[in-house]
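>>> the following block contains a protein sequence and its predicted model.
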Amino acid sequence: MASPKLHPLVRDLYKRYILAGRDYPTGLASFRELVKQSFRKNAHLTNEEDIIHTVARGRWYLSNEIIPVIRLRKYRTMRARYGNPDDVFVEPAQPPIFSKGLPEGLPDSPAPAGGKAQ
């Protein structure tokens with residue numbers, strides 16, 4: 001079993017996952033089961049260095065994988081609620097080809113269909 005001073009680290013990490021799971025897209029119940037499986041898979045660790053390493057990896061995964069998924073879900077919900085869903089993928093307006101006028105050598109107006117321009 002792990003030393004008593006490391007138990008609070010593991011418990012704190014579990015609490016962080018459960019708090020983050022409240023907003024996870026699949027829901028708290030399914031997220032809690034995934035977290036339980038992960039923690040039970042590493043329950044056999046007894047070496048303090050291994051436990052610290054595993055807790056650090058768990059914190060990294062929480063902050064770099066789980067939290068961004070939650071933020072993306074919240075952003076998409078906010079965007080759907082308050083923004084126009086049609087303008088999510090609007091292409092920017094193209095600048096005109098000749099913004100300073102026509103290049104020299106081109107006529108100002110097209111030639112008449114029947115003959116030469118006078």
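On my side now, so go ahead.
>>> hmm, Leu45 is touching Thr54, no?
Yes - using Cβ atoms under 8 Å, Leu45 is in contact with Thr54, at 6.2 Å. Any C-beta I mention is one placed from the backbone N, CA and C, and that applies to glycine too.
>>> I'd like the next helix or strand past the one helix or strand Leu34 maps to.
Using DSSP states H and E, Leu34 sits within helix 28-41. Next along the chain after helix 28-41, taking DSSP H and E as the criterion, comes helix 48-61.
>>> compute the inter-axis angle for that following helix and helix 28-41.
Here helix 48-61 runs at an angle of 160 degrees relative to helix 28-41 (axes from the mean of the first three to the mean of the last three Cα atoms, to 10 degrees).
>>> buried residues in the helix holding Leu34, which are they?
Of the residues in helix 28-41, Phe31, Arg32, Val35 count as buried by neighbour count, 16 or more other Cβ atoms under 10 Å.
>>> quick one: which of those residues is nearest Arg76?
Of all the buried residues of helix 28-41, Arg76 sits closest to Phe31, with 18.0 Å by Cβ to Cβ.
>>> where's the closest residue to Tyr24 other than its chain neighbours relative to Arg59, distance?
Nearest non-adjacent residue to Tyr24, counting by Cβ to Cβ, 6 or more residues apart in numbering: Phe31, 4.4 Å away. Shown here: Phe31 relative to Arg59, a distance of 17 Å by Cβ to Cβ, to the nearest Å.
>>> tell me the angle the worst-scoring helix or strand of the chain on mean pLDDT makes with helix 48-61.
The helix or strand of the chain with the lowest confidence, counting by mean pLDDT, DSSP states H and E, is helix 67-82 at a mean of 87. Interaxial angle of helix 67-82 relative to helix 48-61 (the same axes, to 10 degrees): 20 degrees.
>>> so how many other residues sit close to Leu13?
By the criterion of other Cβ atoms under 10 Å, Leu13 has 19 neighbours.
>>> so it makes contact with Ala56?
No - at 9.5 Å, Leu13 and Ala56 do not qualify as touching, with contact defined as Cβ under 8 Å.
>>> about what we covered before: how about a markdown table for the buried residues of helix 28-41, with distance to Arg79 and pLDDT added?
Formatted as a markdown table, those follow (distance: Cβ to Cβ, whole Å; pLDDT from 0 to 100):
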| residue | distance to Arg79 | pLDDT |
| --- | --- | --- |
| Phe31 | 23 | 92 |
| Arg32 | 28 | 94 |
| Val35 | 28 | 93 |
